[in-house]
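Enquirer: Predicted model and sequence below, questions to follow.
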Amino acid sequence: MIKPIIVSGIQPTGNLHLGNYLGAVKNWVDLQNSGKYQMYIFIADLHSLTGNMPANRRRRQIIETATELLAAGIDPKKTTLFVQSHVQEHTELGWIFNCVTPIAELERMTQYKDKSQQQEKNINAGLFTYPVLQAADILLYHGNLVPVGQDQIQHVELTRDIARWFNNRFDNYFPETKHLLTDVPKVMSLLEPEKKMSKSLGAGHVIELADEPETIEQKLKKAVTATSGGGNAPGVRNLMLLLQKFSAPKIYQKFAKAEKDGSIRYGDLKQAVGEAVSVYFADFRIRRAKLLSNPNKLEKILTAGANKARVVAQKTINDVRKRVGTQ
C-alpha cells in the first residue's frame, strides 16, 4: 500500500518552546508513530534567511533545532529528517515555480504583510516569494498532505494553485496537496497573553522545552494571570491550557473546579503548571544533552536524511526540467 506523503518544516530561529511543541512537533511525532504516512521533516534554514539572524547563530541554531526535534521524538528510522539547504533542488524548483506564479496571488498572502511589519528595515524579496519556495518544499516530494492549523491554510491553498498552474502549462505532474487540519492549541505569551507565545517577544515570554525546572518556575512566577476578568482572563486561560496538556487529568480537574467555584489560587496554579511541564520534558532534556554531546552522530543523521531526500528530489527535478525544456 502506498502511504500518503506528509511534508513539513520548521525554521531554526530559536530553541523549541511550548507553542512550537503543541502547535507542530507533538503532532508530527503522533503522525509519524501512527505508521500511516511517509514523513519528510526539514529544518527550513533557507526560509530563515529572510530574517535578521547572524550567520554564526544560524549555524548553531540549525544544529540545536535538529537536536531538539530528535529529542522530542522525531525518529530518523521513520521520518526523513534533513536540512533544507542540503538538498539544492528546493531552490531550483522554487525558481521554476516563481515563473508560473502571478504576483497578484503573492500580494494577497497575509504572512508577507505580517512579516513586513515585524521587520520594517528589512523588507526583502524573499519575504514576498517565501510561499513559492514553501510550495517547492512540499511538491518536490509530491507531498499529499501538510499538517497545519487554521491560520496556515492559505499557504497550502497557494501550493495547490501553483501545482495546478504548472500542470496546466507543462502537463500534469504534481499532486494537488491538501491541508491536514490539526487541532492546534494556541499557546500565548506568559507576559502578554493577548499575543501568541513567540521568542521574538523576549525570553521571559516563552517556556523552552530545554528550560530547567528552576528556570520554568522563575518564568511562571512573573506570568500574568487575572489582572482583570477573573478565570476568563487570557493569562489564566493560557495557564489552564498548559496544565490540561501537560499534567495528570485529576490535577487539571481539581484546578478547573477551583476556577469555577472561585477558590482558585493563582500561585498554586503556576506551581502546578511548572511541575507538570518540568516532569513532562525531563526525558527530553536528557536526550537533548546526550545528542549535543555527540555532534558526529547528529551529523550522520542529517547527512543520511539529506541523501534519502535527494534521491526523490533529483528525480522530481529531472522530470520537471524535461517538462519545462531546460533538459
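Expert: Great, that's in hand. Owing to the predicted nature of the structure, the values given are computational and were not obtained by experimental measurement.
Enquirer: which ones are touching residue 314?
Expert: residue 89 (CB atoms under 8 Å, 6 or more residues apart in numbering). To be clear about C-beta, it is placed using only N, CA and C from the backbone, and glycine gets the same treatment.
Enquirer: what about it, which SS state?
Expert: What DSSP: H, G, I helix; E, B strand; the rest coil gives for residue 314 is helix.
Enquirer: State the helix or strand in which the residue nearest to residue 110 when sequence neighbours are not counted lies.
Expert: Nearest non-adjacent residue to residue 110, counting by CB to CB, 6 or more residues apart in numbering: residue 154, 6.5 Å away. Here residue 154, judged by DSSP states H and E, is contained in helix 153-170.
Enquirer: and that helix, what does it pack onto?
Expert: helix 89-98, helix 110-118, helix 125-139, strand 145-148, strand 178-181, helix 295-324 (3 or more CB pairs under 8 Å, 6 or more residues apart in numbering; DSSP states H and E).
Enquirer: Try it again at 7 Å.
Expert: On a contact count with 3 or more CB pairs under 7 Å, 6 or more residues apart in numbering; DSSP states H and E, helix 153-170 meets helix 125-139.
Enquirer: Retrieve the pLDDT associated with the nearest residue to residue 133 once chain neighbours are set aside.
Expert: The shortest distance from residue 133 to any non-neighbouring residue, by CB to CB, 6+ apart, is to residue 94 (4.0 Å). pLDDT for residue 94: 98.
Enquirer: Tally up the residues packed near residue 94, please.
Expert: A count of neighbours around residue 94, defined by other CB atoms under 10 Å, yields 19.
Enquirer: how near is it to residue 53?
Expert: 20 Å (CB to CB, to the nearest Å).
Enquirer: Please apply the same query to residue 271.
Expert: 35 Å.
Enquirer: got the contact list for the residue nearest to residue 188 when sequence neighbours are not counted?
Expert: Leaving out its chain neighbours, the residue that sits closest to residue 188 by CB to CB, 6+ apart is residue 238, at 4.3 Å. With contact taken as CB atoms under 7 Å, 6 or more residues apart in numbering, residue 238 is in contact with 187, 188, 193.
Enquirer: what sits against the second one?
Expert: Taking CB under 7 Å, 6+ apart as the criterion, residue 188 is in contact with 195, 196, 197, 234, 238.
Enquirer: Relative to residue 131, which of these is nearest.
Expert: Nearest to residue 131, judged by CB to CB, of the contacts of residue 188 is residue 196 at 19.8 Å.
Enquirer: which ones are touching the closest one?
Expert: Contacts of residue 196 by CB under 7 Å, 6+ apart are 19, 186, 188, 189.
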